[in-house]
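>>> Sequence first, predicted model second:
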Amino acid sequence: MRIQTNTLCHTGLPEGVLDEIPFPSIQVARPSALLARCPIYEQTPMIKADALAANLGIGAIWLKDERARLNLGSFKALGAAYVIANMANERDNPVSETSLSGITFVTASAGNHGISVARGAQIFGAQAVVYISQTVPEEFAGRLASYGANVIREGADYEASMIAAANAAQDKGWTLLSDSSWDGYVELPHALMEGYLVLAEEAVHQIEVRPTHIFLQAGVGGMAGSIAAYFRKVWGCDPIIVVVEPEAAPALFESIAQKAPVDTTGPASNMGRLDCKTPSFIGLKGLARDANHAVLISDAEASSAQDRLAEVDCATSASGAAGVAGLIAAKEALELGPNTRALAIITEIAQA
């Protein structure tokens, strides 16, 4: 485990760095209103993990459980599918299964973002093309295909498949729907991150008391940046917010240290959904302002946390356990103990 204190917290990146990039949205009313019209929407549970807290000597641990979100198995169901539904709503009222007929969405995915794109497109009559790297398991490719996506393998890693998706969008006139953001590409990922606010709003109403510490796993930083911004809006400066990444993919960790976006390198991680070497510019801008600390965890630490969660009937993947892994790994450094009230997120199902 490596930990650094974010010296930019509460101030943000220096002037001249990402000035044209927006901060994450905190307008939860828009996605909440749209989801309220969805017949299968229901809040995901908040679990008070008493046994885990007692084992670690921590006052309380709450786990926001996203494993059943909209029957897609991940918090990502709140992202791309929300953007697609919003586009259908703007184009066709009332919406129907042909509202987006003729549109093709293209994206790259290392995990559940692709499923959210594929399912959203399927519901409203659009097409989905999902680029995946050579490291993505065939089982996941099959899941994407089951939602009607055209799955294309391209490149050795997530970054290579992102480039392929962006090139295809430009060459074929498709709509690029990425969960990352960069110079010149912010509108759709900004809206996508807004969908994640539903998770944060639910958590605020479900948790018994204000947490002292919040642990948020991150790949490109979309979820972490979005809900950290919302928690700051609601709870102010009091909670200590910790962003957790694989040590093999320290994109946000190094970018915060350098006070500017940094492309990183490293081996493949067992936290496949977090194995992203380049940060989302919107996510980075938000987390540079809102996160108190950045933590890097090893594959072994993620696997250990995965085992601990399985023991308390919260089975998830290594990526889904990464927030809890950060909590455990940083326990001594952050002096967590009987007065600690920690919040973490189980982001996906075990077989995702």
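Good, I have the coordinates. Numbering: from 1, shown residues only.

>>> domains for this structure, by residue range?
2-74+196-346, 80-178 (automatic domain parsing).

>>> Let's have the ones you listed in a markdown table, adding distance to G184, mean neighbour count and mean pLDDT.
In this view, the C-beta of every residue, glycine as well, is placed from N, C-alpha and C. Listed next are the domains of the chain as a markdown table, based on distance: least, C-beta to C-beta, whole Å; neighbours: other C-beta atoms under 10 Å; pLDDT from 0 to 100:
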| stretch | distance to G184 | mean neighbour count | mean pLDDT |
| --- | --- | --- | --- |
| domain 2-74+196-346 | 9 | 20 | 97 |
| domain 80-178 | 10 | 20 | 94 |
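
>>> Please enumerate the helices of this protein.
29-35, 50-56, 80-91, 112-123, 138-146, 158-172, 187-195, 197-206, 222-235, 251-258, 281-290, 299-311, 322-329 (DSSP state H).

>>> can you tell which of these is closest to H10?
Judged by C-beta to C-beta, the one of those that comes nearest to H10 is helix 281-290, at 6.7 Å.

>>> what's that closest one packed up against?
Helix 281-290 sits against helix 187-195, helix 222-235, helix 251-258, with contacts defined as 3 or more C-beta pairs under 8 Å, 6 or more residues apart in numbering; DSSP states H and E.

>>> Could you export the ones you listed as CSV, including distance to P31?
Shown next, in CSV, are these (distance: least, C-beta to C-beta, whole Å):
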stretch, distance to P31
helix 187-195, 5
helix 222-235, 10
helix 251-258, 24
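
>>> Any idea which residue is closest to the centre of the protein?
Computing the C-alpha centroid of the chain and ranking residues by C-alpha atoms, centre = their mean puts M223 first, at 3.4 Å.

>>> How about it, nearest residue that isn't a chain neighbour?
If the residues on either side of it in the chain are set aside, M223 comes closest to Y196, at 5.1 Å by C-beta to C-beta, 6 or more residues apart in numbering.

>>> residue contacts, the one you found?
Y196 makes contacts with F75, L78, G79, G222, M223, S226, I227, as judged by C-beta atoms under 8 Å, 6 or more residues apart in numbering.

>>> Closest one to T278 out of these, please.
Nearest to T278 among the contacts of Y196, with distances taken as C-beta to C-beta, is G222, at 12.5 Å.

>>> surely E97 meets A121?
No: counting by C-beta atoms under 8 Å, E97 does not reach A121; the two are 11.2 Å apart.

>>> what are the bridge partners for A108, then?
Beta-bridge pairing of A108 under DSSP bridges involves Y131.

>>> Double-check it against R153; I have them as touching.
No: with contacts defined as C-beta under 8 Å, A108 does not count as touching R153, sitting 10.9 Å away.

>>> what residues are shared contacts of the two?
Y131, I132, S133, S161.

>>> And the residues you listed, which two are furthest apart?
Farthest pair in the shared contacts of A108 and R153, by C-beta to C-beta: Y131 and S133, 7.9 Å.

>>> Quick check: neighbours shared by these two?
By C-beta under 8 Å, 6+ apart, the residues touching both Y131 and S133 are A108, R153, E154, G155, S161.

>>> what's near enough to touch the third one?
It stands for E154. Y131, I132, S133, A160, S161, A164.

>>> Could you do the first one as well?
With contact set as C-beta under 8 Å, 6+ apart, A108 has these partners: G114, V130, Y131, I132, S133, Y158, S161, M162, A164, A165, S178.

>>> cool, the last one as well?
Contact analysis of S161 by C-beta under 8 Å, 6+ apart lists A108, S109, A110, Y131, I132, S133, R153, E154, G155.

>>> Thanks a lot, catch you later.
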